[in-house]
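> Following is a predicted model, sequence given first.
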Amino acid sequence: MTYDVKPILVISKCLGFDACRYNGGIENNSFIENLKKYVEFITVCPESDSGLSTPRDILRIVQKNDKLEIVVSKTGEDVTGKLCDFIEKFLTDLGDVDGFILKNKSPTCGLKDAKIYTSVDKGAAIRRGKGIFVKKVSNKYPNIIIEDEGRLTNFKIREHFLTRIFVLANFRNAKKSNDKDMLRNFHLQNTLLFLAYSQKYSKLLDSLIYNDESFNSNTVFIEYEKYLNKLLERAPRYTSNINVLLKSVDSFKDNITQDEMQFIWNTIDKYKKGLVPFSVPLYLVKGYIVRFDLEYLLNQSFFMPYPEELIHVSDSGKLIH
């Protein structure tokens, strides 16, 4: 696999790019630092970019009847309009984008964990919800993947995020070309990966690609993108990953010993139990594919959907899946 097309990501500026947090701080993140070489980042801080000072008083999301406002906690000033004006202009000017990494718990960038209060006065939050920037992004890009730096410490979430943004970046390149052969090559390289994600949508994509009589680039790319977004909505189940691995093993199982086959089974079983990440059985099977020079499988994104330098098996949870 090659990664000539860099994913385009919008990222909160405070995550290693600028000291723009409310307290004048910056939050460095090793995963994001490693990612810089492989993606194109577009940075944003809705608060400082809209003209609020750094450092600044803490902002609160305040619920007034059925309306949410962003209010300066110390003064009670309503800055909702100022923030919305900036956000709408930013999103209007934003071109192609493959995903977002935003600051967790932020009143503007929080995914689901922004605190919502009944007033600016001291008191406990009544609930948590989306920050104002995330709401606007979700409205404009209903299919886009949005994560925060906290969730990306989870291996499975991080793996799915990386897979999705690199697949979408390559599709974006094929779509821009409007070339049916380029789309078919993209589809062929991702055949096993798509099968692991969803048999249903994999078959629908197959029908678009391999029906020569109805292939019309003006409509196929639109339909293909719709099904592709559906396919990539959720990470593959571990059982689906195992099924695709075993399908690949079928290509060389007659050329290996019984002990080797048993070792493959044992390794897959450890993945099934959550004791090792998927990269362990994946690398094992890929080793045999290299050994037997199975070109079709070597070109499959399933075996390396994103640059291996981004693989890090640390996880915030006790089990990998």
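That came through, no problem.
> so how far is Thr54 from the residue nearest the centre of the chain?
For the chain, Phe161 is the residue whose C-alpha lies nearest the centre (CA atoms, centre = their mean; 2.6 Å). Applying CB to CB, to the nearest Å, the value for Phe161 to Thr54 is 28 Å. C-beta coordinates here come from the backbone N, C-alpha and C atoms, glycine included.
> Would you map out the domains in the chain?
8-153, 175-232, 238-310 (the TED database).
> So for Leu168, which of the ones you listed sits nearest?
Of all the domains of the chain, it is domain 8-153 that lies closest to Leu168, at 4.6 Å by CB to CB.
> residues touching the nearest residue to Ser50 once chain neighbours are set aside, list them.
What sits nearest to Ser50 in space, not counting adjacent residues and going by CB to CB, 6 or more residues apart in numbering, is Phe86, at 3.7 Å. With contact set as CB atoms under 8 Å, 6 or more residues apart in numbering, Phe86 has these partners: 46, 49-51.
> now Leu193
Leu193 neighbours (CB under 8 Å, 6+ apart): 163, 167, 300-302, 305.
> would you list every one of the helices in the stretch 151-300 of the chain?
In the stretch 151-300 of the chain, the helices defined using DSSP state H, counting those that start in this stretch lie at 155-177, 180-189, 191-197, 199-210, 217-231, 238-249, 258-272, 279-291, 295-298.
> wait, what's in contact with Ile8?
With contacts defined as CB under 8 Å, 6+ apart, Ile8 is in contact with 39-40, 42, 95-98, 169.
> For it, give its distance to Asn139.
19 Å.
> So which bits of stretch 210-228 are buried?
Buried residues in stretch 210-228, counting neighbours by 16 or more other CB atoms under 10 Å, are found at 220-221, 224, 227-228.
> Need the residues that contact it.
167-168, 171, 175, 178-180, 183, 201, 204-205, 208-209.
> on that earlier part again, how confident is the prediction for the residue nearest to the centre of the chain, by pLDDT?
pLDDT recorded at Phe161 is 98.
> one step back: can you turn the buried part of the contacts of Ile8 into a PyMOL selection?
In PyMOL syntax, the buried subset of those is picked out as below (16+ other CB under 10 Å):
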select buried, resi 39+97+98+169
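> so where's the stretch 201-321 of the chain shaky on pLDDT?
Scanning the stretch 201-321 of the chain for pLDDT under 70 picks out 212-215, 313-321.
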